[in-house]
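Q: Predicted model, plus sequence, below.
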Amino acid sequence: MGQQQGDYQHIIVGLDLSEESSQVLDRAISMVQAYGAQLSLAHVIEPLTFAYGGDIPMDLSEVQDQLQQQATEQISRLAQKVGVPDVRQHVVIGQPATELHRLAKEQQADLIVVGSHGRQGLALLLGSTANGVLHGAETDVLAVRVKTKD
């Protein structure tokens, strides 16, 4: 079965590295297999200064570096399991939706896969990452509904 017009050729999956990430990755892999596409893995770390409003006296760069190193190791382990080469593993710092859009464009990906926790009410309006990625995306977006163990 060759590639057809409209088939996805490069799928980028945004992983938050939570326990539920494997559900999102599994879905991305089944899409990759269905379309014979390439797969890229991405994890976006929000800058700590965003989270703390920048008025923390301590130097956060060391903490940020540690977070980045841990995330890089986790992505690398996942990538090895599913056969994704180094060049298609991305750990970046920034705002998740913005960075996923940028990566998709830069890597010429035609589908972004993210996890969605299916929150209700205000949390949904105020935007999960999935919501943010959907808005302003120049590519298709697949939001995988993750099931949490309650």
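A: Noted; the coordinates are in hand. Residues are numbered from 1 along each chain as shown.
Q: give me phi/psi at residue 13?
A: Dihedral angles of residue 13 (phi, psi; degrees, to the nearest 10) stand at phi -110, psi 130.
Q: In contact with it, which residues?
A: For residue 13, the contact set (Cβ atoms under 8 Å, 6 or more residues apart in numbering) comprises 24-25, 28, 39-42, 112-114. Glycine gets a C-beta too; all of them are placed from N, C-alpha and C.
Q: Narrow these to those in helices?
A: Judged by DSSP state H, these include 24-25, 28 as members of helices.
Q: Serialize those to TSV and add fields for neighbour count.
A: As requested, these are exported to TSV (neighbours: other Cβ atoms under 10 Å):
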residue	neighbour count
24	24
25	22
28	26
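Q: Residue 129: which of these is nearest?
A: residue 24 (11.0 Å; Cβ to Cβ).
Q: what's the spacing between that closest one and residue 117?
A: According to Cβ to Cβ, to the nearest Å, residue 24 and residue 117 sit 11 Å apart.
Q: Report the set of residues contacting both of these two.
A: Common contact partners of residue 24 and residue 117 (Cβ under 8 Å, 6+ apart): residue 146.
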